[in-house]
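Q: Just to be clear, the model below is a prediction. Sequence and coordinates:
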There are 2 protein chains.
Amino acid sequence: MSTDPEIESSNLSQFLGFRLTRVKIRVHKVLLARLAPYELSSMEFSVLMLAGSNPGAYLRQLSSALDVSPPNLVSVVERMVRRNLLVRLPGTQDRRLQELHLTETGQALLKQAKADVERFENALEQSLTAVERRHIDSALRKLAAFQLDG
Amino acid sequence: MSTDPEIESSNLSQFLGFRLTRVKIRVHKVLLARLAPYELSSMEFSVLMLAGSNPGAYLRQLSSALDVSPPNLVSVVERMVRRNLLVRLPGTQDRRLQELHLTETGQALLKQAKADVERFENALEQSLTAVERRHIDSALRKLAAFQLDG
DNA sequence: TATTGTTATACTCTATAACTATA
DNA sequence: TATAGTTATAGAGTATAACAATA
């Protein structure tokens, strides 16, 4: 066994920014474990979700909705096309555009993965009290809009 | 200008895990902008903070406190030693250990950067109501302890 | 045999410049 | 000229195996 006395880190963990990072990492890891059976990254799951509720969306639209640059989204879409989850259909009017649609395989995988993620999300929310849920919602909304200026 | 109508993403943003990620990214970016003048990454700032309040701490201890693997922390410490912010003193009893201490330069930089981060943190917390602050605290604590099982 | 710090390596994410084909 | 998608590339961040020195 290791001689590993814990050091004092309360001055760091008092920071909301620090705790947010830690919580995000932990929650994200659990989510990834949930998605692992489907061989989906969280980004791929997000693309499945958005393509599912926005048939014919363009890569550029997913890019701005997900806050990922187009170059970085291309390889994600590419892999999903190769797995036959997505198809790229040439735009009818503007031939620069490609409409993204879920295949039947993609729809089936989305249905399964989404059910698992929803179970995970329910467990996550059930770990909080009703009043905590109410306030973390508004708090996160405000923090997401936080700007550098003060 | 771009023809970029927003797509429907409420089914995704209803997920607490998704919103946590977005908030973390946004808050982290603002923090990085605050640290940029000092040429500090958030990891380097964390090391400064921990080394400041734990003089003589070992790399292994910082590693477990920060949840970074020892190999990945070595290069961070290395860079800070090169910048004369940290020194590695050979352990007196166990010669495998190296005590990490802030130099005077490191202490001065910590003082400045910490003041800026604290201003940032205050602004962050002031953007929330008192009741939101109270509940996000306990909520984040519970979420950080969330385990995969349900 | 186990542990500290280290080297090497690889893989994911992210960021940016520049290309092509269309408009 | 501007935009959509793409290619190429570089930089973080992270994860793992293995090594030397020491216990």
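A: Looks like it came in fine.
Q: Tell me who's in contact with the residue of chain A found nearest DNA strand C.
A: Using Cβ to the nearest atom of the strand, the single residue of chain A nearest to DNA strand C is A:Pro71, 3.2 Å away. For the C-beta atoms, the positions are set from N, CA and C on the backbone; glycine is no exception. Contact analysis of A:Pro71 by Cβ atoms under 8 Å, 6 or more residues apart in numbering or on different chains lists nothing.
Q: quick one: buried residues of whichever strand or helix holds it?
A: Assessed by DSSP states H and E, A:Pro71 sits inside helix A:70-82. For helix A:70-82, the neighbour count (16 or more other Cβ atoms under 10 Å in any protein chain shown) marks A:Leu73, A:Val76, A:Val77, A:Met80 as buried.
Q: What pLDDT is listed against the first one?
A: At A:Leu73, the pLDDT value in this model is 98.
Q: Was I right to think it contacts A:Ala65?
A: No: counting by Cβ atoms under 8 Å, A:Leu73 stays clear of A:Ala65, with 10.3 Å between them.
Q: Sketch out the helices for chain A, chain order is fine.
A: A:10-13, A:16-35, A:42-53, A:59-66, A:70-82, A:104-126, A:130-144 (DSSP state H).
Q: out of the ones you listed, which comes closest to A:Gln98?
A: helix A:59-66 (6.7 Å; Cβ to Cβ).
Q: so the closest one versus helix A:70-82, what angle?
A: Interaxial angle, helix A:59-66 versus helix A:70-82 (axes from the mean of the first three to the mean of the last three Cα atoms, to 10 degrees): 110 degrees.
Q: which stretches of chain A have low pLDDT?
A: Under the criterion pLDDT under 70, the flagged ranges of chain A are A:1-3, A:148-150.
Q: what about 50?
A: For chain A, applying pLDDT under 50 flags the ranges A:1, A:150.
Q: Show me which residues of it sit near DNA strand D.
A: Counting by Cβ under 7 Å from any atom of the strand, chain A comes close to DNA strand D at A:25, A:58-60, A:63, A:70-72, A:74, A:77-78, A:88, A:96-98.
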